[in-house]
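J.: turn this into a structure:
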Amino acid sequence: MRLITALVIAVMLSVTFALLAHAHEYKTSSLRIGHPWTRVTPKGAAVAGGYAEIENKGQTADRLIGASSEVSGRTEIHEMTMEGGIMKMRALPNGIEIPAGGKVELAPGGLHIMFFELKAPLEEGKHFKGKLIFEKAGTVPVEFAVEGMGGPGEHTGHGAPKGH
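T.: A predicted model of the protein is given here:
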């Protein structure tokens, strides 16, 4: 009976640690940045998308105006939209407003960060350091988790099949 109890406890602890490792968040006085992540990239890929959920618990709006990472030469804030049945991606030079009391999801096929000039392929299970830059909250250091093909929610993005 003790062996079964020990096994159950071990399984519960491993599931708990796996969930904690998968879901990570960062906070400022008014912002909560939930689980920054990206997808694994194939060898030779020059770009990748960055995603997260940003919640503003403050009384005034803020704006994501930039980002940086240790794995890319440059970054941009982007959005994808459907126009006439065609997926289009464009840079948002003025960033993304995070409304007071609101939430914005950076996700495949919508608002996201683009990592350009990747220095090496992004490998599943690894993490890399980055920074999100906000108009009012300033620079927030984060760590992006590299997820497998499809990533959280099995979304697709950038007009490419699942796994881009």
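
J.: which of the helices or strands spans residue 43?
T.: Using DSSP states H and E, residue 43 sits in no helix or strand.

J.: quick one: the closest residue to it other than its chain neighbours from residue 41, how far?
T.: Once flanking residues are discounted, residue 43 sits nearest to residue 121: 5.2 Å by CB to CB, 6 or more residues apart in numbering. Bear in mind the C-beta positions are built from the backbone N, C-alpha and C, glycine included. Residue 121 sits 5 Å away from residue 41, going by CB to CB, to the nearest Å.

J.: so the two - more neighbours on which side?
T.: Ranked by neighbour count (other CB atoms under 10 Å), residue 121 and residue 41 place residue 41 first, with 22 against 15.

J.: let me see the contact set for the residue nearest to the more buried one when sequence neighbours are not counted.
T.: Distance criterion CB to CB, 6+ apart; nearest residue to residue 41, sequence neighbours excluded, is residue 122 at 4.5 Å. Residues near residue 122 by CB atoms under 8 Å, 6 or more residues apart in numbering: 38-41, 45, 48, 71, 128, 146.
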